[in-house]
Every structure is written in C-alpha cells, then in structure tokens.
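Trainee: My questions are about this predicted structure, shown below with the sequence.
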Amino acid sequence: MEKSELILLPGLKRQIRFLIQKSAGQKYSNVLIIGSSSEVTALKFINKFNSNVEIIVGEYESLINSKYILGNSENVNIKMMSYDSTDYPDNHFDLVYAQASVSLTNRNKIVKEIKRVLKPGGYLCVGEIVSLEKEIPRFVQDIYNSSNLLPLFIDDLEKYYKERKFTVLGKEDLSTTLKEYYSMSIASYNDIANKFDSHEQSYYKKIINKIKHESNVYLKLGGDKYIGFIALLLKKDGN
C-alpha cells in the first residue's frame, strides 16, 4: 500500500470501502469527518461523491498535519474543535463519518452532537473500537484508560444506536485490520515525526510510545482476544 493512500486508523481503508459499497446511487453533498488521519478519506469523498468536506480534529498538531498533507485541495476545510460541541448549524450534513473517533468517555455527547448536525434522514458511518468480552483483563483496561476510550461490548453496539433513533443499514466486522494497523503504525509515525520541528516531534514521540505499548499488548500479549473494531452504516430517523 502506498503511503499516499494509507489510512492509518483502525479499519484502515476497509471502512470507507464498506461505505462506498453500501452507497450505490447515494449522494453526499455535505460531509463531516470527525478525527485526525482522515485526509485520504476526505479525498475519496471528493473524488467519489463530489462532496464538500469538513474535517474536525481535536488537537493543534493534528490540524497542522492535515493542512500539510492536503495542501490547497479544493472542497475540503479543516478545523480544530471539540467533537461534542461544534459550531455547525442544526440539520446541516448529509453524512457524518467517524473512524475510531467516537469510542470515547464522552461518547454520548459526541453522538448527540452528530445527531444535531445531521439532516433528518442523514447518514452516519461510524467505526467503533469494541470489547469482544464483557470481562477484560487489567492490561487491556489500562490501554482504554490511557487513550480515554470507553468501548462498548460488541453485542451492545447496534442497540446503542437504535436507542438514539438511528436505523442500522449495514454492519461489517473489521477486527482483522487491527493486526495490520498496529504493525504499520510505528514506522509511519516515525516518518511523520521526522518532518516537523522539535516541539512537534516531542508530540509525536508521545504518540509513538503509546502506539508501541498498544501494539505490544495487541500483537504479543493476547489483546486481540479482547479488542475488536466494527463499522456501521446508520440512518438518522425522521425529525
């Protein structure tokens, strides 16, 4: 896979492929993408659907990185803001796309905000880190805590969104992508870090150390038995 086409997130390129496969004949004029490392995804929306794309990221370094990668790309705008409190008007977007950016401790507020900015009948494509077992060991819980994650149990995911008045249109288990994601992440983040100044390199060093720890847990300590990743395509009900 060429670096220019790399989506360095759990789910890799398979979440956007899942959405495209489920979107035959569908138009997404206005799209909101939540989360960093979404540049390739934004370009795919522009090329495939001729969408106008907004990307929101939660940190300044991610904002700079996205602007550096996308340059002067047309039809895409990048902003830094809280995922649970945006400045977009009600009922604005045809689609919200979130890949590994919702499974957080403030999940309920994020999903409430997503629902607010989505048009009635609008779509949400979400990729969620999930727990494969109800009881998880301490070393997995430590990863969740360090990343501010609050994953749902895999069997509760669809129910969560149905309770919030979304209809489930499609589902795909992308847990098999996690091994490749963790295996690729270290080299890619090292490469990114070398392109920035000392302050930004310090920021990416923290990310690299975190990814190293998570990779070790997933690839060597049996974390794959407890951590999964599910993609859903959802439709906001009525009004």
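Mentor: Now that the structure is in, tell me what you want to look at. Note that this is a predicted model, so its numbers are computed, not measured. Numbers count the residues shown, from 1 in each chain.

Trainee: need the contact list for the closest residue in space to L149 that isn't next to it in sequence.
Mentor: Computed as C-beta to C-beta, 6 or more residues apart in numbering, the closest residue to L149 that is not its neighbour in sequence is S103, at 5.5 Å. From N, CA and C alone the C-beta is placed, and that goes for glycine too. Residues in contact with S103 (C-beta atoms under 8 Å, 6 or more residues apart in numbering) are E128, I129, V130, L149, L150, P151, L152.

Trainee: For those, give me a markdown table that also has distance to Y60, neighbour count and pLDDT.
Mentor: Below are the contacts of S103 laid out as a markdown table (distance: C-beta to C-beta, whole Å; neighbours: other C-beta atoms under 10 Å; pLDDT from 0 to 100):
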| residue | distance to Y60 | neighbour count | pLDDT |
| --- | --- | --- | --- |
| E128 | 26 | 25 | 97 |
| I129 | 24 | 24 | 96 |
| V130 | 30 | 20 | 97 |
| L149 | 22 | 17 | 92 |
| L150 | 24 | 15 | 95 |
| P151 | 27 | 24 | 96 |
| L152 | 30 | 18 | 97 |
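
Trainee: possible to save these as CSV with secondary structure and distance to G35?
Mentor: Below are the contacts of S103 laid out as CSV (DSSP: H, G, I helix; E, B strand; the rest coil; distance: C-beta to C-beta, whole Å):
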residue, secondary structure, distance to G35
E128, strand, 12
I129, strand, 12
V130, strand, 17
L149, strand, 13
L150, coil, 16
P151, coil, 16
L152, strand, 18
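
Trainee: and the closest residue to Y218 other than its chain neighbours, how many neighbours?
Mentor: What sits nearest to Y218 in space, not counting adjacent residues and going by C-beta to C-beta, 6+ apart, is Y182, at 5.1 Å. Number of residues near Y182 (other C-beta atoms under 10 Å) recorded here: 21.

Trainee: Where in this structure is the helix or strand with the lowest mean pLDDT?
Mentor: Lowest by mean pLDDT, DSSP states H and E among the helices and strands of the chain is helix 198-220, with a mean of 73.
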